[in-house]
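A.B. asks: need a structure here:
(chains A, B, C and D, ligands or ions: 4)
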Amino acid sequence: MTWFTRRLRRLAPQLVALAIILGIISLIAPGFLTVSVQNGRLYGSLIDILVRAAPVALLTVGMTLVIATRGIDLSIGAVIAICGAVAATLISDGYSLPVVIAVSLGVGIACGLWNGVLVAVLDIQPIIATLILMVAGRGIAQLITEGVILTFNDDTFAALGSGSLAGIPIPIYLWVGTALVIGLLMRRTALGFLIEATGINRRAASLAGVRARFLLFSAYAISGLCAAIAGMIVTADIRGADANNAGLWLELDAILAVVVGGTSLNGGRFSITASLIGALIIQSINTGILVSGFPPEFNLIIKAGIIIVVLTLQSPAIMTLFGFIKASRRSEKLNHGTKEATR
Amino acid sequence: AQSLTVGFSQIGSESGWRAAETTVTKQEAEKRGVTLKFADAQQKQENQIKAIRGFIAQGVDAILIAPVVATGWDAVLKEAKEENIPVILLDREIESPKDLYLTAVTSDQVFEGKVAGEWLAKDVGSKDCKVVELQGTTGSSPAINRKKGFEEGIKAASNIKIVRSQTGDFTRTKGKEVMESFIKAEGGGKDICAVYAHNDDMAVGAIQAIKEAGLKPGTDIKIVSIDAVPDIFQAMAKGEANATVELTPNMAGPAFDALEAYLKDKKEPPKWIQTESKLYTAADDPMKVYEAKKGLGY
Amino acid sequence: MIHARNLPFVTTLAIFVIAYGLCVLQFPNMLSTRVIGNLLTDNAFLGIAAVGMTFVILSGGIDLSVGSVIAFTSVFVAVMVGSFGVHPLTAFLAALVISTLFGCLMGAMIRYLMIPPFVVTLAGMFLARGAAYLVSTQSVPITHEFIDTMLGFYIRFPGGGRLTLLAMVMLIVFVVGIIVASRTRFGANVYAIGGNIQSAELMGVPVGATTIRIYALSGFLSGLAGIVYTLYTSSGYSLATVGVELDAIAAVVIGGTLLTGGVGLVAGTFIGILLQGLIQTYIVFDGTLSSWWTKIVIGILLFVFIVLQRTIIWYSDRRLAVRQLKEV
Amino acid sequence: MSASHALLEARGIGKSFFGISALEDVDFTLERGEIHALLGENGAGKSTLIKILTGVYRRDRGTIYLEGSEVSPDDVAAAQALGIGTVYQEVNLLENLTVAENLFLGRQPRRFGMIDRRSMRDRSKALLARYGLDIDVDALLSSYSVAIRQIIAIARAVDLSGKVLVLDEPTASLDANEVKGLFTVLRQLREDGVGIVIITHFLDQVYEIADRVTVLRNGRLVGSRAISELPRLDLISMMLGRELQHITRDHQAEPETIDDRGAPSIQFQNYGKKGSVAPFDLDIRPGEVVGIAGLLGSGRSETAFLLFGIDRADSGTATIDGKDVSIASPEAAIANRFGFCPEERKTDGIVGDLSVADNIVLALQARRGWMRPISSAQKRELADSFIKSLDIRPADRERPIKFLSGGNQQKAILARWLVTEPRLLILDEPTRGIDIGAHAEILKMIERLCSEGMSLVVISSELEELTAVAHRVIVLSDRRHVAELSGRQLTTDGIIRAIAGTGETEAA
Ligand SMILES: Nc1ncnc2c1ncn2[C@@H]1O[C@H](COP(=O)(O)OP(=O)(O)OP(=O)(O)O)[C@@H](O)[C@H]1O
Ligand SMILES: Nc1ncnc2c1ncn2[C@@H]1O[C@H](COP(=O)(O)OP(=O)(O)OP(=O)(O)O)[C@@H](O)[C@H]1O
Ligand SMILES: [Mg+2]
Ligand SMILES: [Mg+2]
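C.D. replies: Residues are numbered from 1 along each chain as shown, chains lettered A, B, ... in the order given. Ligands and ions are numbered 1, 2, ... in the order given. The predicted structure is shown next:
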């Protein structure tokens, strides 16, 4: 089996799900699929999806790695708020763009490293370790903005959120670019492989000389970095830092995206591409609901419904049914950790 | 008289307006030499109830509540009454027996919506007008009441129709995202004539969305919203917003007055002290209002 | 000698006692029976939900739907009683049935579709919240003499504190929970599955049935918590109890239960609940913290407790290990 | 029940995983009061057959009869209800439960519906007493050694097997006495008419206890014979489908004294850790095999943990080629070109979801660091060459290692270290669960490796194995090195005497 077909096989469920969802929406909301050019900028609901997906897509990249290490990062929503606040403050204090960006990214990485310390050194369970920053983080962000929505008028920075280059909105460059860089970093070096090994069996990996701590650190740091970029996009988008609402509950969407992408929460084998498609699926649902014109009371129940269907269709059980008619469900069950969907 | 200790259970700091209310309340308390015990409930009723119980246990002289929701206060208010600690409600009424609290200092949310609606009706006159509505958080009482009020306001004008209505969760981000999709859904926004946002933050988001779609907010699409936070006045000055209905953040002032009067010589205040819902338009020198307001910690 | 297994519990208990002592030193009022009564009443619904969460986490799973299910139950009951004039007891019963079935369903998906609990229950969280909106977006007050009598029933402590019915319900749930976890085959199976699901299956544990029962139990208790919450606020509101699942998880973990499953005590969760309640009470008594400092302080205290716990456990683990090796 | 029927009978059992056949048309018959050995190479399908008979896997084809009536247990609980008790190959107990809870999981004694802990404790003690085991049954299982866990698992299975008892490599981590204890229990059960299936790679044990043997090869039935009419060599060729050539070192031919064997290249001086192993001296020369013998729990693994930096030594020094080195972590050890095959394959060895190839290159990749990835071509080539040279089956480098049979996993872990070309390789129970064919191959390989100048430390409970391959044997007892044997002294009963503390023990 060639590399390409294997990739395709791996991504098929996600791609199909995405296609179906887009199809359904375009039935409900005609003109949903049309993409035009308005004042030198691609324009249309599909573009909106790609732009609006930026924050969750970025979070998804980091979350994929964290989950691959058998961890989870609940703090990234708060990290978005923190980095947004930092960026907004610096901008309104008149610092130059490079400084602002550098500092914000630095802060994001620092947040990630903090989580890394709790998880890798103090050995605190990831979900609770990151819960700490999730709770405190918004406080810190508000401390920075002193509780107000910190607005600024700096068009160069605002461009990160709403500008466009060669007709394509800048957020799209940012998340695609980040994903590419990190994806290559994972697969062109041995990082990805070692992270997977650590996630599957940390003790065995360390006995084979894998530096599990370093890997955990880098995973959480990258997660923080991605959150920082997302934070800047969100802030630039509304030309203001809304410490209380920026990235609120976004971590859940990110986790959902990763799982829809078929990476198991038990750690191990991961695919950033698949996770990103998962993110697009989530965002398509959100945007679709908006254009479809249902009353807001229905938003959640529709979202839940679709997600459940998608998850069911690509659940290991169903996959086995389709993929390996011969395979025995019992052996499946026994090797509970196994992720047919990911192979 | 030795200084009062007053507990203040605030909902949270979810919006600029909320932050301002907190600041003003603290300022008012300071002015009067009242020691204020502040508790932030992070948008959770259970936390507010815990806070109130906490205040009672400390034996404060009075309690201010900005209730997150209209229902479910009877039990804890009874406890306060038994300890005869007077309770004053800020910016929201509740569905409890009136004898459980001293008074409620609130605006009339339905009325706010009505003012906005009537302004729009007057402004567009007789020509047809498709309105898109940015609701507050689904189920929150301002969202419900401001929707109700606006619909009342435009009832008379059959030419005005609400064609789309989605929640923007009172936030700029969602306001912008929702507006974008409205524009797409309504043929590039050309046939939208006005946006009604349940708060200014969402309106600000919507304004950006409209600009990015290559339309002129304030002229191509009218913007009417509620709260009167500073940023909307900046927009108004630029002619990007048309009207906003003020919800004053100073609820504490009247509350403290009533309280002091009551404690001094048992003077029962009226059950409802209504704050005025003033309509601002481009006519009222937005920049001046902006300067006046931006100090208040919005 | 403290049994290795109870160590985290004892640790947490010690930490709680010390923390409470410190609080009292600063605010003598905090010793009042009133505060203690409040601690129990105000956290009743959270405590009940946390018991269910404990079982789920002990089995190596997690249930994020708790908060939404509480909200749904409260709205459901409120509408049944408030709008349709159904008798509260009937409404309660219906609510419990629904929430339990909901739990069963999630359990079945987890077991037979092999979708990880985190995700299934996350979807469940959206679903329940959405369902609550459908029932009613507005907050619905309840007034019913039966409910008033229930609320009217409490035991007064000297000093103004009171042990309300809600608090009693929570205490009962905890007692039952402790017994079920430590003294029944179901409880043993929960620990077994949490320890290692493959081994449990090879040792003949009915994994499927147990998994479904676990989530059914969690659903049931969430429902009960919802009812308690409804009584607590004598109303139903679809926006209520957002994020309560995280409070519950935190309480369970602070109580010394491992999220990886198989290790922990229901009693520990009780302390976890009290600890969180204590933090909030302290912040209210202090009354000077701004909105954001409130969040930060909560985070810091969480951090301090967890680190303290880890260090103590780590230290005494080593002592235990060394002793064992010596014994050989 | 009519005695005319066999106790347990399986006809035409077939099973395949993801299209790869693991069992084809296998018949198996177990009589009452018979001890039936199920033999075969690694990957032959023994465990799979067991798992099918006991309802863990669902068979693709075939029928199972218990006492003449067809049965189809579709999970372990059902099999237990039928009176079939099993100890699976990977000792499956729960470390987070106490010994008593493990023994009675699912069948706890109850009073008024509540678990009766006291009677559970008492019955547990009584149960373990049969195996001469007197331990705190309320302590967590995790606090006991592999060996003790094995016995507990057996005790549990025996206790709940009314009719049939199945043991998949029960003696893998037991020492001679414990095996003897186990066998007396088995004989007792045989008297009581219980049918016993036992899987093992120790042929001596087969001839000691079994009445019949059934042999599988590559998932097919080779034959089923009474042990009495089956000479050892025939049995071996039945299993392997070929002859086997043995190797043993002739110690008589070796030099008396160890001095004239070239200077030691790796030295540990009064190396130790409190609560783990008492300080010891250990010199290892290039091309030398140092064996470590001792009873279970004597601290052999601990010694290995120390040498490999898993446990930090708190006393003593390590020198390599005369230079002092600090071996504070596995990375440090690996940087010094050490390697370590752990005893507990499942938890410490394999990375289950990764492919065989990935598992083989893991250590090498770790040593090269994340910046210098091994190209997939390189990986493929390395993996294939070792799959071939170690005869890992199935020879499919992409298959997740957790789907390999126990023995083949062990070979893969060995390969993981061989690719790093270590100067010192530490093997903790290297041949545990390895079939005689592979056993011989591994011993051969040890030979070859040290002839190529690699030093080895081999921990083993099989004294024959040690005497066969080791130049010197360190004997441990109670976590201290009590003796060092070499040359003529290096015989099995020499070691036994040293362990027993009699015999002339000389410090190294
Ligand atoms: N769960 C599974 N999924 C896929 N393949 C499996 C599974 N279990 C076993 N196999 C394959 O079935 C074949 C037989 O394995 P089995 O464990 O029965 O061998 P075995 O005789 O027990 O060997 P050993 O003596 O090493 O234990 C092997 O090729 C193995 O790779
Ligand atoms: N992998 C391990 N990790 C931690 N502790 C272990 C491990 N293996 C054994 N122990 C502990 O060390 C003690 C000694 O048992 P251990 O197995 O190490 O002795 P041993 O001489 O290596 O015997 P064997 O290796 O044959 O089991 C046991 O009580 C056990 O608790
Ligand atoms: Mg086997
Ligand atoms: Mg050992």
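A.B. asks: in what helix or strand does the most centrally placed residue in chain C lie?
C.D. replies: Against the mean C-alpha coordinate of chain C, by Cα atoms, centre = their mean, the closest residue is C:A50 at 1.1 Å. In the assignment (DSSP states H and E), C:A50 maps to helix C:44-58.
A.B. asks: so what secondary structure elements neighbour that helix?
C.D. replies: In terms of contacts (3 or more Cβ pairs under 8 Å, 6 or more residues apart in numbering or on different chains; DSSP states H and E), helix C:44-58 is packed against helix C:66-78, helix C:165-183, helix C:185-195, helix C:207-233, helix C:244-254, helix C:266-286. (Each C-beta comes from the backbone N, C-alpha and C, glycine too.)
A.B. asks: in chain B, which spans are helices?
C.D. replies: B:16-31, B:45-58, B:74-82, B:109-124, B:141-155, B:172-185, B:200-212, B:230-237, B:252-265, B:286-293 (DSSP state H).
A.B. asks: Can you tell me which of these has the worst average pLDDT?
C.D. replies: Among these, helix B:286-293 has the lowest mean pLDDT, at a mean of 87.
A.B. asks: Pull out the buried residues from that one.
C.D. replies: Residues of helix B:286-293 classed as buried: B:286, B:289-290, B:293 (neighbour count, 16 or more other Cβ atoms under 10 Å in any protein chain shown).
A.B. asks: go on, stretch B:266-286?
C.D. replies: B:269, B:273, B:275, B:277, B:279-280, B:286.
A.B. asks: quick revisit: name the stretch among the helices and strands packed on helix C:44-58 that sits most buried.
C.D. replies: With neighbours taken as mean count of other Cβ atoms under 10 Å in any protein chain shown, the helices and strands packed on helix C:44-58 reach their highest mean count in helix C:66-78, at a mean of 31.
A.B. asks: quick revisit: wait, which of the helices and strands packed on helix C:44-58 is closest to D:L174?
C.D. replies: helix C:185-195 (23.8 Å; Cβ to Cβ).
A.B. asks: That closest one near chain A anywhere?
C.D. replies: No. On the criterion Cβ under 8 Å from any Cβ of the partner chain, helix C:185-195 is out of touch with chain A, staying 10.2 Å away.
A.B. asks: Is it correct that the residue nearest to the centre of chain C is in contact with C:L246?
C.D. replies: No. With contacts counted by Cβ atoms under 8 Å, C:A50 stays clear of C:L246, the gap being 11.2 Å.
A.B. asks: Would you list the phi and psi of D:V166?
C.D. replies: phi -120, psi 130 (degrees, to the nearest 10).
A.B. asks: Which pLDDT value belongs to it?
C.D. replies: Confidence score, pLDDT, at D:V166: 95.
A.B. asks: now swap in D:E24 and tell me
C.D. replies: 93.
A.B. asks: So it: helix, strand or coil?
C.D. replies: strand (DSSP: H, G, I helix; E, B strand; the rest coil).
A.B. asks: Kindly report the same for D:G272.
C.D. replies: strand.
A.B. asks: so how far is D:F305 from it?
C.D. replies: In this view, D:G272 and D:F305 are 12 Å apart by Cβ to Cβ, to the nearest Å.
A.B. asks: Now for those two: what residues contact both?
C.D. replies: Shared contacts of D:G272 and D:F305 (Cβ atoms under 8 Å, 6 or more residues apart in numbering or on different chains): none.
A.B. asks: Run through who's touching stretch A:258-266.
C.D. replies: A:10, A:13-14, A:17, A:60, A:63-64, A:67-68, A:70, A:72, A:255, A:269-271, A:273-279, A:281-282, A:307, A:310-311, A:314, A:337, A:339, A:341-342, C:115-116, C:118-119.
A.B. asks: what is the mean pLDDT for it?
C.D. replies: Here the average pLDDT along stretch A:258-266 is 88.
A.B. asks: swap in stretch A:123-142?
C.D. replies: Here the average pLDDT along stretch A:123-142 is 92.
A.B. asks: Any part of it near chain D?
C.D. replies: No. Against chain D, stretch A:123-142 shows no contacts by Cβ under 8 Å from any Cβ, the least distance being 15.2 Å.
A.B. asks: mind saving the C-alpha coords of that stretch as PDB?
C.D. replies: C-alpha atoms of stretch A:123-142 as PDB (Å, rounded to 0.1, in the frame of the first residue of the first chain):
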ATOM      1  CA  ASP A 123       3.400  14.500  38.100                       C
ATOM      2  CA  ILE A 124       0.000  16.000  38.500                       C
ATOM      3  CA  GLN A 125      -2.700  14.500  36.300                       C
ATOM      4  CA  PRO A 126      -3.000  16.700  33.200                       C
ATOM      5  CA  ILE A 127      -6.700  17.400  33.400                       C
ATOM      6  CA  ILE A 128      -6.400  18.900  36.900                       C
ATOM      7  CA  ALA A 129      -3.000  20.400  36.300                       C
ATOM      8  CA  THR A 130      -4.300  22.400  33.400                       C
ATOM      9  CA  LEU A 131      -7.600  23.100  35.200                       C
ATOM     10  CA  ILE A 132      -5.600  25.300  37.500                       C
ATOM     11  CA  LEU A 133      -4.500  27.600  34.700                       C
ATOM     12  CA  MET A 134      -8.000  27.400  33.200                       C
ATOM     13  CA  VAL A 135      -9.400  28.900  36.400                       C
ATOM     14  CA  ALA A 136      -6.700  31.300  37.200                       C
ATOM     15  CA  GLY A 137      -5.800  32.300  33.600                       C
ATOM     16  CA  ARG A 138      -8.900  34.400  33.000                       C
ATOM     17  CA  GLY A 139      -8.300  36.100  36.200                       C
ATOM     18  CA  ILE A 140      -4.800  36.900  35.100                       C
ATOM     19  CA  ALA A 141      -6.000  38.100  31.700                       C
ATOM     20  CA  GLN A 142      -8.500  40.400  33.500                       C
END
